[in-house]
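Undergrad: Take a look and give me a structure for this.
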Amino acid sequence: MCKIGKDKLPRLHQLIEENKYGMNKKDLKILVIGSGGREHTLAKICSQSPLVGEVVIAPGNGGMEREFRVIPLSVNDNDEIVKIAKEENIDLVVVGPEVPLCNGAVDALSDAGILAYGPDQQCARLEGSKAFTKDFLARHKIPTAEYGNFSEIEPAIEYLQSCSLPVVVKASGLAAGKGVIICQSKEEAESEVRDMLSGNSFGDSGSEVVIEEFLAGEEASLHLICSGEEYVTLPLSQDHKKIGEGDTGLNTGGMGAYAPTSLVSDEMLREYENTIVKPTLNGLKSEGMNFRGTLYVGLMLTDKGPKVLEFNVRFGDPETQVILPLVEDDLVPILISSAQGHRLPQKLKIKEAFAMVVVIASKGYPGHYPKGEKIKTPEKLPDSTILIHAGTSTEPSGEVVSSGGRVLGAVGTGISLEDAKVAAYALCDSVEFSSKYYRNDIGYREFSRI
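TA: Predicted coordinates for the structure are as follows:
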């Protein structure tokens, strides 16, 4: 249980209760940790709560500075995170990225008496170590691909000889969504294994590898807000990981997403909860882990049923940009309840609408790409759109320029997926910078089902 100061908890509860009766007391101060599109979305959503007086982002990015106060910060420095939270008298810290979660930021904040949303370091191993997760899934008989974990080259090469093609080679540690290689030949797989385990490909993240059976099917992203064994589900979404249209080329952190997806029916979702979600949360508890925060279940829907591709312990990026705008309930009390380990509502109220995000990247990503390109965006956005800043910075002149591979997220919403698509792509067209690149086929699998 988080060690939150006695003076703070009653105030949080009072504000939540008062809000239920429409008093709209804007008193809470929230700190969002991170600098990408996920954190910009979280800040926007939290700022809409009638409970919240101010949202601060650390370290944020250039585009966020036009909307929120941002504070310089190294997300790897737990002492600095705690210091800023104390100096700013923060009521709730929302830790966005995986790196500080795996680095124990929530543990440090909790030890300092500061309420933080996200799992502790022990639970964050579900994302920080693919090898740990695969062994956990096997122990608790949760469906996943056949696999082997290796930290030495020769045993890994020997295991490869027994694998069917294609075969998947994964860096066990954090690799920003790029540490998964689908190999079409044994020679390619052997080369990837040698590169990873020798430290050439992903450094320490590749010091252990997972060699995995290739699973065929469609992917879906299931996000849950958890408090121990309790959870609420968010709209299911589908991400597009490949850089090229038709899901071709290299893996990226995600080039676009939409929600909800018709790929998963309500009946199918109940099945996934019974065969995957509940066994996972129960399994964690049985091993002495109390999961609080976001659990992202990456699913592959195969002809033999759903299988877990991966767990993330935070909101996905870019999935956050499409699932949170569809939630009608105030998200802040739910994040607070999760952070405190308290009861969650049985379900969330979800809008009868669709959302799509198209990631606008710098040409060359996920390889080498230019930076520092001036970005021109519309002065006024249509109500059906949201512009999310991911990889931007501000020049001394005040101009916003590109600073990352994934630069912006163009979000469109509507009463149909087609309406959301039209809005998102119109926003893409209205943004200008020299190396602008985006996929034109986000949601193509869903449209083939309609």
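
Undergrad: make it CA atoms for all contacts and neighbour counts henceforth
TA: Fine.

Undergrad: how near is the closest residue to residue 366 other than its chain neighbours to residue 404?
TA: Nearest residue to residue 366 in three dimensions, chain neighbours excluded: residue 252, at 6.0 Å (Cα to Cα, 6 or more residues apart in numbering). Separation of residue 252 from residue 404 (Cα to Cα, to the nearest Å): 13 Å.

Undergrad: helix or strand right after the worst-scoring helix or strand of the chain on mean pLDDT?
TA: Using mean pLDDT, DSSP states H and E, the weakest-scoring helix or strand in the chain turns out to be helix 8-20, at a mean of 56. Once helix 8-20 ends, the next helix or strand along the chain (criterion: DSSP states H and E) is strand 28-34.

Undergrad: Which segments of this structure make up each domain?
TA: Split into domains by automatic domain parsing, the chain comes to 8-118, 152-207, 217-340, 354-449.

Undergrad: So for residue 137, which of those domains sits nearest?
TA: domain 217-340 (7.8 Å; Cα to Cα).

Undergrad: count of residues packed around residue 181?
TA: When neighbours are counted by other Cα atoms under 10 Å, residue 181 registers 18.

Undergrad: same thing with residue 249?
TA: Neighbour tally, residue 249, other Cα under 10 Å: 12.

Undergrad: got it, and residue 338?
TA: Residue 338: 26 neighbours (other Cα under 10 Å).

Undergrad: So what does it look like in phi/psi?
TA: phi -60, psi -50 (degrees, to the nearest 10).

Undergrad: Just send the domains of the chain back as JSON lines, with distance to residue 126 too.
TA: Shown next, in JSON lines, are those (distance: least, Cα to Cα, whole Å):
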{"stretch": "domain 8-118", "distance to residue 126": "9"}
{"stretch": "domain 152-207", "distance to residue 126": "10"}
{"stretch": "domain 217-340", "distance to residue 126": "6"}
{"stretch": "domain 354-449", "distance to residue 126": "25"}
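
Undergrad: Pass me the low-pLDDT residue ranges in the stretch 101-250 of the chain, would you?
TA: 176-178, 200-201, 203-206 (pLDDT under 70).

Undergrad: all strands of it, in order?
TA: Here the stretch 101-250 of the chain has its strands, by DSSP state E, counting those that start in this stretch, at 116-117, 147-150, 167-171, 180-183, 209-213, 218-227, 230-233, 238-239, 242-244, 248-251.

Undergrad: For residue 362, which of those is the nearest?
TA: strand 242-244 (11.1 Å).

Undergrad: name the helices or strands packed onto that closest one?
TA: Counting contacts by 3 or more Cα pairs under 8 Å, 6 or more residues apart in numbering; DSSP states H and E, strand 242-244 packs against strand 248-251.

Undergrad: And the strand it packs on, what's buried?
TA: 250, 251 (16 or more other Cα atoms under 10 Å).

Undergrad: That one: partners in the sheet, and parallel or antiparallel?
TA: Sheet pairing of strand 248-251 (DSSP bridges) gives strand 242-244 (antiparallel).

Undergrad: chain center to the partner strand: distance?
TA: With Cα atoms, centre = their mean, to the nearest Å as the basis, strand 242-244 stands 18 Å off its chain's centre.

Undergrad: can you give me phi and psi for residue 260?
TA: The phi/psi pair for residue 260 (degrees, to the nearest 10) is phi -80, psi 170.

Undergrad: Surely it is in contact with residue 234?
TA: No: look at residue 260 against residue 234 with Cα atoms under 8 Å: they stay out of range, at 9.3 Å.
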